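Student: give me a 3D structure for the following:
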Amino acid sequence: MTSITSAAAMKLLDLRLKHAGSIVASAIGEFTSVSKGDAGGSSRSDGPHQEIVCLRAGGTIDLYRIVVAVSSNNTDDDDDEEEVTTTLKLITRLETRSVLRSVSAVRVSGGKRDVVVVGSDSGCLAVIDFGEEGVGRVLHCPVFGKVGCRRDTPGQYIATDPRGRATMISSIEKRKLVYVLNRDTSGNVTMASPLEAHRPRTVVFDLVGVDNGYDNPIFASLEVQYEDYEDEVLKEKKRVEMEKEDGRNGRGEEDNVPLGKLGDGFTKQLAYYELDLGLNHVSRRWATTTHRTACCLAAIPGGADGPSGVLVGGEDYIEYLHEGMASPPVPNGAKVGKFPPKRLICAIPRRELHPESKGILITHMTVLRQKKGKFFALAQSELGDVYKVTLQMSKEDKTIVQHMTVCLLDTLPVGTGLNISKLALLFVPAEFGDHGLYQFDAIDIEDSAVKCTSEETIGAFLKSASSGDENAEDAFYSTSEMAASIAPTFRPTVLRNLHKVYTLDSLAPVISVLVGELAGNEVSPQLYALCGRGPTSSLRVLRHGLSVTELAVSELPGVPGAVFNVRDDQAAKNGKFYDRYIVVSFADATLVLSVGETVEEMGKESGFLTTEPTLACSALGNGGNGEQEGGIVQVYPGGVRHIQRGSVSQWHVPGIKKIECASANESQILIALVGGELIYFELDPLSGNLMEAATKDVGADVCSLDVGCCAKGEESQFVCCCGLS
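Tutor: Below is the predicted model of the structure:
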């Protein structure tokens, strides 16, 4: 009994054969330090590569790099045509074993690359740096709450200061924490203790960092504060129930007191929270009411780059708000009543067949800075329609926004976010089905696209009979019928201003699965899955194994006996080594293939002995760290051939013996002669030559050998394996 109670508890670990396809949240930035051309082939990007961090369901963080490769094709007219290929390359994958909820990219002051701030159900705020090699490393992980997705535990929303000085993490209700980011004297990212910005009885809908230059950081929160009388209603209902149980009759109207009475009177507000870097304190600086259906925010560039402020997306409308903003200009010819319009708001174009009584909700927005003082925003509706939003500033003062234009860009699958790259690419992680990377064909579309302006929206309000009432503006913008009468209509068509360049496969959501061997000629059963929803739905067949990409096909002159891949130190790029040669051994010959943009056969210029079969082949040395480059070694039945810097040196087998088998790694070569004699060679790190180090007779014929690969940081292996007859 004692042994049973003292036994260690069983722990189970789940390992996935296939990672989840759905993307919960994503962020774009420059997370690794990569020089030009590292992606293989020429690249169009002149600076650091654009990368996308994706939070997948199941707790996986994926880092994808946008690779734009340009290759030239020679046509019959001897004209070079550029072929551009855009792909998403998976750089690294992190397993967190948690429920990921939010992510944001931030470049801390003085840094050359962005770091990732992640919120999850762990009750911690994680700051992850992917470094120069793309390997994720957790810099900070402070604990602030309990484990689990709770409404009062921060992690649902994350916002970062555009200048990289602070980050705010918020819960759905009440709690907000601000962390100040900085660097120490060694350049390492530091994180100060959290500053509280809690506000009781407040429900948060979205959070974003406001760009106000280098003034104190400001965070904008879209929130609703409910009043104390909810508790009074609960007490009243409890009192009525107690009176019923006691047989007493209360007031008749009290029996029907609804929970959250006067709930329609709750107002949604946009609030600014300011972090005073001098006093190290967070305060609620400013708040204003906004559209009741507002649900998402996007920060407008500020300082020297724009007017600052935020765009607020809601049902049927997009609104611009900022502290201290002036009233919008009145359209020409419009009559202003006693109360002039106060809101700079614009209706969104609607589909022709969409019911007028049903609103269209804006779910996601993002802003791209093109250059100083020039930017635009993209917004996507719940139907998938993507709109371009532009702001027109005053000619006298570029910090004053006067007009807003919302025009239809294209219709895409409904996504969980919008990520715009500096390479004129748009990544949309889809809610259902495959994710897409799109190339912009046109972006200045205001003249030809279906559009609506703030002048038309405000003009329609001024023409209404209720424009003379003080509260008429909120009532006017609260009905979908009124928005339908203002906004122009369109019919969804094929993509006009975008085209898809890459697809990231996703099975989510899987509606139904059937397992069986239905192909008729396969050993393993297949998985048949119904995936997606609506126009993105599909039937997919899954087979056990890994998929491969066929890059080249070469006819072989015979049946090969062995294949080797060989690294070439001279082809190293930025300290990284690539396999340059494919060596194919036949019964009486060796074929050497050079791997580059194309696969080509090489002859004597490679240095290999092509008239004999190859028993072992390997690149020698670790020539990227200042160490001696060892060249390439080829073992054939008659000896050992060392190819180094264009010269060849050989070691021949003594007498009439032959080499039966061999094995080699970066610094060691082991051969077995007929009769069971082993000869061991080592690479001299000073001269770069091969030296015969030892011999041993095992007394029986050797059938197989293996010396293994050198581990990272080690120069040689201490053991080998021999198979004897």
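
Student: can you tell me how far the residue lying closest to Gly596 once chain neighbours are set aside sits from Val117?
Tutor: Setting aside the residues directly before and after it, Gly596 is nearest to Arg580 in space (C-beta to C-beta, 6 or more residues apart in numbering), at 7.9 Å. For every residue, glycine as well, the C-beta is placed using N, CA and C. According to C-beta to C-beta, to the nearest Å, Arg580 stands 40 Å off from Val117.

Student: those two: which has the busier surroundings?
Tutor: The residue with more neighbours, out of Arg580 and Val117, is Val117; 25 against 20, by other C-beta atoms under 10 Å.

Student: is that one bridged to anything, and to what?
Tutor: For Val117, the beta-bridge partners are Ser104, Val127 (DSSP bridges).

Student: contacts only, for it.
Tutor: Listed by C-beta atoms under 8 Å, 6 or more residues apart in numbering, the contact partners of Val117 are Val103, Ser104, Ala105, Val106, Leu125, Ala126, Val127, Ile128, Ile158, Thr160, Thr167, Ile169.

Student: name the SS class of Lys237, please.
Tutor: Assigned state for Lys237: helix (three-state reduction, DSSP: H, G, I helix; E, B strand; the rest coil).

Student: pLDDT score assigned to it?
Tutor: Model confidence at Lys237, given as pLDDT, is 78.

Student: quick one: it and Arg201, what's the gap?
Tutor: Using C-beta to C-beta, we find Lys237 at a distance of 19 Å from Arg201.

Student: quick one: the strands in the stretch 551-700 of the chain?
Tutor: Assigned by DSSP state E, counting those that start in this stretch, the strands in the stretch 551-700 of the chain fall at 562-567, 579-585, 590-595, 599-602, 616-620, 631-636, 639-644, 647-652, 659-664, 668-673, 677-683, 690-697.

Student: what's the second one packed up against?
Tutor: Spelled out, that is strand 579-585. strand 562-567, strand 590-595 (3 or more C-beta pairs under 8 Å, 6 or more residues apart in numbering; DSSP states H and E).

Student: so which of the ones you listed is the most packed in?
Tutor: strand 590-595 (a mean of 20; mean count of other C-beta atoms under 10 Å).

Student: return that strand as PDB; C-alpha atoms alone will do.
Tutor: Output of strand 590-595 as PDB, limited to C-alpha atoms (Å, rounded to 0.1, in the frame of the first residue of the first chain):
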ATOM      1  CA  THR A 590      29.300   8.600 -59.800                       C
ATOM      2  CA  LEU A 591      26.900  11.300 -60.900                       C
ATOM      3  CA  VAL A 592      27.300  14.800 -59.400                       C
ATOM      4  CA  LEU A 593      24.400  17.300 -59.600                       C
ATOM      5  CA  SER A 594      24.800  21.000 -58.800                       C
ATOM      6  CA  VAL A 595      21.700  22.400 -56.900                       C
END
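
Student: count the residues that sit near Val84.
Tutor: 11.

Student: follow-up on the earlier one: okay if I get the helices and strands packed on strand 579-585 as TSV plus distance to Cys617 and mean pLDDT?
Tutor: Output for the helices and strands packed on strand 579-585, formatted as TSV (distance: least, C-beta to C-beta, whole Å; pLDDT from 0 to 100):
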stretch	distance to Cys617	mean pLDDT
strand 562-567	4	89
strand 590-595	9	88
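
Student: show me the one of those strands that comes nearest Gly415.
Tutor: strand 590-595 (37.8 Å; C-beta to C-beta).

Student: list the strands paired with that closest one, with their directions.
Tutor: strand 579-585 (antiparallel), strand 599-602 (antiparallel).

Student: which other residues reach that strand?
Tutor: Residues contacting strand 590-595 (C-beta under 8 Å, 6+ apart): 554, 556-557, 560, 579-585, 599-603, 606, 608-614, 634, 636.

Student: from the residues you listed, list just the buried residues.
Tutor: 580-585, 602, 606, 608-610, 612-614, 634, 636 (16 or more other C-beta atoms under 10 Å).

Student: where does the stretch 351-500 of the chain have low pLDDT?
Tutor: Residue ranges of the stretch 351-500 of the chain with pLDDT under 70: 465-470.

Student: and if we set it to 90?
Tutor: When residues are selected by pLDDT under 90, those of the stretch 351-500 of the chain lie in 370-374, 394-399, 423, 446-448, 461-476, 478-479.

Student: mind listing the helices for it?
Tutor: Counting by DSSP state H, counting those that start in this stretch, the stretch 351-500 of the chain has helices at residues 454-463, 472-476, 480-486.

Student: what segments of the stretch 301-450 of the chain are strands?
Tutor: 310-313, 317-321, 344-347, 350-351, 362-371, 374-381, 385-393, 401-411, 419-420, 425-428, 435-440.

Student: of all those strands, which one is nearest Arg113?
Tutor: Evaluated with C-beta to C-beta, the strands of the stretch 301-450 of the chain place strand 419-420 nearest to Arg113, the distance being 17.0 Å.

Student: re the thing from before, which one of the strands paired with strand 590-595 lies nearest to Lys657?
Tutor: So among the strands paired with strand 590-595, strand 579-585 is nearest, using C-beta to C-beta, at 20.0 Å.

Student: turn the strands paired with strand 590-595 into CSV, including distance to Gly516 and mean pLDDT.
Tutor: Formatted as CSV, these follow (distance: least, C-beta to C-beta, whole Å; pLDDT from 0 to 100):
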stretch, distance to Gly516, mean pLDDT
strand 579-585, 39, 89
strand 599-602, 39, 84
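
Student: now render these as a markdown table, adding distance to Phe718.
Tutor: Converted to a markdown table, these look like this (distance: least, C-beta to C-beta, whole Å):
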| stretch | distance to Phe718 |
| --- | --- |
| strand 579-585 | 26 |
| strand 599-602 | 35 |
